[in-house]
Structure formats: structure tokens, C-alpha cells
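Undergrad: Generate coordinates for the sequence data below:
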Amino acid sequence: MEIFGPHTARLLALLGNLDDLTRSEIGRVADAWREGDPQERASAWVRVHRALAEADRQPVLAAAAVARQEAQAVARRHGWPEWPFWAAAADAGAAVAAGDRIGECYAILVAPLASVLPSLQRVGDPASGVLQQGA
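TA: This is a model prediction of the structure:
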């Protein structure tokens, strides 16, 4: 059973990638999250809640919680308690678990973490600059 829905494998890859981040990358993610538009981020979360049925929403929220916990553990290991990094990880975890079901909100929620993990950008999304796999 895919505990986080159909994108469980991609979420697990994200969690593994969090563990590989350096202190500097954690800082870059935190800065990118702070620079993001809070209104836009809140609207993206509303889209997550509206786009998904209750049964589909639970795995997405669980993915966000697990990503946040992993980010906290990574930051603790680096002695860098940057809560915006945790928030960025939670946003990205939810977006990855929701996948295409949240449309353009995916890019909004992954943007801070994608600044150091370009693999989070969607292939074919002109806004991401990733137009083909491996680009």
C-alpha cells in the first residue's frame, strides 16, 4: 500500500534528499521560503484542501507532516534551527504527494526547496525551466 498515495516513491526520494542537504543549502531554502509570497502560499494550501476529497487529503497532510519532521531532524543535525526550512519541507511534501491534482499550486509549494533540489520541478513546466527529463 502506498501510504502517501500514488506519489509515495517520489515523496520518499524527497525525504532522502533532505538528509543530504548542507547547512548552506538549508539556509538557502529558508531564505527562499521567507522571500515567497505568504498570500500565494496560503492560496496554494487552500487549493490543496479544495482539490482533494477527504480520503485523498489525509495522505497529503501526512506527507507534509513527515517531511516537516525529517527537515527538523536534518536541521538539528546541522545545528541550524531554521523553521522556514521546516515549513518549506512541509509545503513540498504536500505538493509532491498531491501531484498534478493541485495544478500550478505545485510550483508555488515546492519553489523554496526546488532552489536546492531541482528534481522537484515538474518536467514540461515552462515556469520551472525544466522542459525535459534530466534537463
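
Undergrad: How about G93, nearest residue that isn't a chain neighbour?
TA: Distances taken as CB to CB, 6 or more residues apart in numbering place A67 nearest to G93, at 2.7 Å, with adjacent residues excluded. Yep, even glycine has a C-beta here, placed from its N, CA and C like the rest.

Undergrad: buried stuff in the helix or strand hosting the one you found?
TA: Assigned by DSSP states H and E, A67 falls within helix 54-77. Across helix 54-77, burial judged by 16 or more other CB atoms under 10 Å covers 57, 59-64, 66-68, 70-72, 74-75.

Undergrad: ok, now stretch 35-43?
TA: Neighbour counts over stretch 35-43 (16+ other CB under 10 Å) mark G36, R41 as buried.

Undergrad: which residues touch the residue most central in space within the chain?
TA: For the chain, the residue nearest the mean C-alpha position is A92 (0.8 Å; CA atoms, centre = their mean). For A92, the contacting residues are L14, A67, L109, V110, P112, L113, A114, L120, by CB atoms under 8 Å, 6 or more residues apart in numbering.

Undergrad: Mind checking which of those are in helices?
TA: The helices, defined by DSSP state H, take in L14, A67, L109, V110, P112, L113, A114 from the contacts of A92.

Undergrad: Highest neighbour count among the residues you listed?
TA: Neighbour counts for the ones in helices among the contacts of A92 (other CB atoms under 10 Å) peak at L113, which has 30 neighbours.

Undergrad: Next, count neighbours for the residue lying closest to E82 once chain neighbours are set aside.
TA: Once flanking residues are discounted, E82 sits nearest to A30: 4.0 Å by CB to CB, 6+ apart. Using other CB under 10 Å, A30 is surrounded by 20 other residues.

Undergrad: What lies in contact with whichever strand or helix holds A30?
TA: Using DSSP H and E, A30 falls within helix 23-35. Residues outside helix 23-35 that contact it (CB under 8 Å, 6+ apart): 21, 74-75, 78-80, 82-85, 87-89, 91, 111-113, 115-116.

Undergrad: Put the alpha carbons of stretch 23-41 into CSV.
TA: In CSV, the C-alpha atoms belonging to stretch 23-41 read as follows (Å, rounded to 0.1, in the frame of the first residue of the first chain):
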residue,chain,number,x,y,z
ARG,A,23,23.9,23.8,6.2
SER,A,24,24.3,26.3,3.5
GLU,A,25,21.5,24.7,1.4
ILE,A,26,19.2,24.7,4.4
GLY,A,27,19.9,28.4,4.7
ARG,A,28,19.1,29.0,1.0
VAL,A,29,15.8,27.1,1.3
ALA,A,30,14.9,29.1,4.4
ASP,A,31,15.7,32.4,2.7
ALA,A,32,13.7,31.4,-0.4
TRP,A,33,10.7,30.5,1.8
ARG,A,34,10.9,33.9,3.6
GLU,A,35,11.0,35.7,0.2
GLY,A,36,8.0,33.8,-1.1
ASP,A,37,4.5,35.5,-1.0
PRO,A,38,2.6,34.3,2.1
GLN,A,39,-0.7,35.1,0.4
GLU,A,40,0.2,33.0,-2.6
ARG,A,41,1.4,30.1,-0.3
